[in-house]
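Novice: need coordinates for the following:
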Amino acid sequence: MTDGIAEIGFEHRDRGTRLAHLYQRDPLRVLFPAPAAGDPPLAVIATTSGGLVAGDRLDVSVRLAPGARAHVTASAAEKIYRSTGPTTTVAQTLSVSAGAALEFLPPETILFDGARLKRQTSVELAPDSGFLGGDIVVFGRRARGERFTCGLLHEVWQVRREDKLVWGDALHLGGDVGALSTTRLASAGRRRLPQSSCCRPGGRRATFSPRPEPFCAALGEYKPAQP
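Specialist: Reported below is the predicted structural model:
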C-alpha cells in the first residue's frame with residue numbers, strides 16, 4: 001500500500017504566475033513542462049507506480065493565490081487494479097482565490113474488474129474566480145475484451161463558492177456492476193462516464209453534459225446555468 005501526496009501552489013507575481021509551493025511523496029510526482037505560447041503554466045501529476053492497488057491512498061491539493069492561472073492534468077490514464085477487499089481512496093482538494101482561474105482536467109480513470117475506488121473532489125472558489133474541471137471513468141479496457149463487472153466506485157464532486165455549495169454530484173456503484181452497466185450505463189456500446197463543471201468569474205456556473213453519441217466525449221454540449 002502507498003500513501004502518495006502532491007501539493008501544488010501557484011501565485012501571481014512579476015506579471016505572471018509562478019510556482020510558490022510544491023510537496024510530493026511517492027508514488028506521486030509533479031512535472032512542469034513548458035506550456036504553449038499564451039497558455040497558463042502547466043502542472044502534470046504522474047503516478048510512478050504505474051497504477052493503484054488495494055488500499056492505496058492519494059491526496060492531491062492544488063491552491064491558486066489571487067490572480068494566478070494554471071492548468072493541472074496527469075501524465076496518463078490512472079489505472080485502478082483488482083482488489084480482494086481494501087479500497088483505493090483518492091482525495092482531491094482544489095482552492096481558487098479571487099481573480100484566479102484553474103483548469104483541472106486529468107485523463108480518464110480505468111477501473112479493472114474487481115477494483116474498488118472511493119474518490120472525492122472538493123473545490124473551493126473565491127469571488128471573481130474561475131474553474132473548469134472534470135473527469136472520465138472507463139469500465140475496463142474494452143479493446144482487450146475487459147469489463148468492470150464487480151467492485152466499487154464511489155465518486156463525489158462538491159464545488160463551493162464563498163462556502164456555499166453551487167454544484168455537487170455523487171455516483172455509487174457496487175454489487176453486480178456488470179448488470180447495471182449493461183442495462184443503464186453502457187447501452188449502445190457506452191463504457192465511459194464523463195462529467196465536468198465550469199464556474200465562471202462573478203458567480204455564474206456552466207455545466208457540460210455528454211452528447212447522446214458518442215458517450216465517450218470528455219466535454220459535450222455547453223449549457224450555461226441560470227444566474
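
Novice: next up, the contacts around residue 9.
Specialist: 19-22, 62-65 (CB atoms under 8 Å, 6 or more residues apart in numbering). Glycine gets a C-beta too; all of them are placed from N, C-alpha and C.

Novice: derive a ChimeraX selection command for the buried subset of those.
Specialist: For the buried members of these, the matching ChimeraX selection, counting by 16 or more other CB atoms under 10 Å, is:
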select :62,63,64,65
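
Novice: adding pLDDT, secondary structure and distance to residue 49, write the contacts of residue 9 out as JSON lines.
Specialist: What follows is the contacts of residue 9, written out as JSON lines (pLDDT from 0 to 100; DSSP: H, G, I helix; E, B strand; the rest coil; distance: CB to CB, whole Å):
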{"residue": "19", "pLDDT": "97", "secondary structure": "strand", "distance to residue 49": "24"}
{"residue": "20", "pLDDT": "97", "secondary structure": "strand", "distance to residue 49": "27"}
{"residue": "21", "pLDDT": "98", "secondary structure": "strand", "distance to residue 49": "24"}
{"residue": "22", "pLDDT": "98", "secondary structure": "strand", "distance to residue 49": "20"}
{"residue": "62", "pLDDT": "98", "secondary structure": "strand", "distance to residue 49": "21"}
{"residue": "63", "pLDDT": "98", "secondary structure": "strand", "distance to residue 49": "25"}
{"residue": "64", "pLDDT": "98", "secondary structure": "strand", "distance to residue 49": "28"}
{"residue": "65", "pLDDT": "98", "secondary structure": "coil", "distance to residue 49": "31"}
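
Novice: ok, the contacts of residue 9 vs residue 34, which is closest?
Specialist: residue 19 (13.0 Å; CB to CB).

Novice: can you tell me the centre-most residue of this structure?
Specialist: The C-alpha lying nearest the average C-alpha coordinate of the chain belongs to residue 135 (CA atoms, centre = their mean; 4.5 Å).

Novice: got a markdown table for the contacts of residue 9, with distance to residue 102 too?
Specialist: Written out in a markdown table, the entries for the contacts of residue 9 read as follows (distance: CB to CB, whole Å):
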| residue | distance to residue 102 |
| --- | --- |
| 19 | 14 |
| 20 | 14 |
| 21 | 15 |
| 22 | 16 |
| 62 | 7 |
| 63 | 9 |
| 64 | 5 |
| 65 | 11 |
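
Novice: re the thing from before, ok, what's across the strand from the residue nearest to the centre of the chain?
Specialist: With DSSP bridges as the criterion, the beta-bridge partners of residue 135 are residue 195.

Novice: what distance do you get for residue 81 to residue 146?
Specialist: When CB to CB, to the nearest Å is applied, the distance between residue 81 and residue 146 equals 12 Å.

Novice: can you check residue 140 too?
Specialist: Residue 140 sits 4 Å away from residue 146 when distances are taken as CB to CB.
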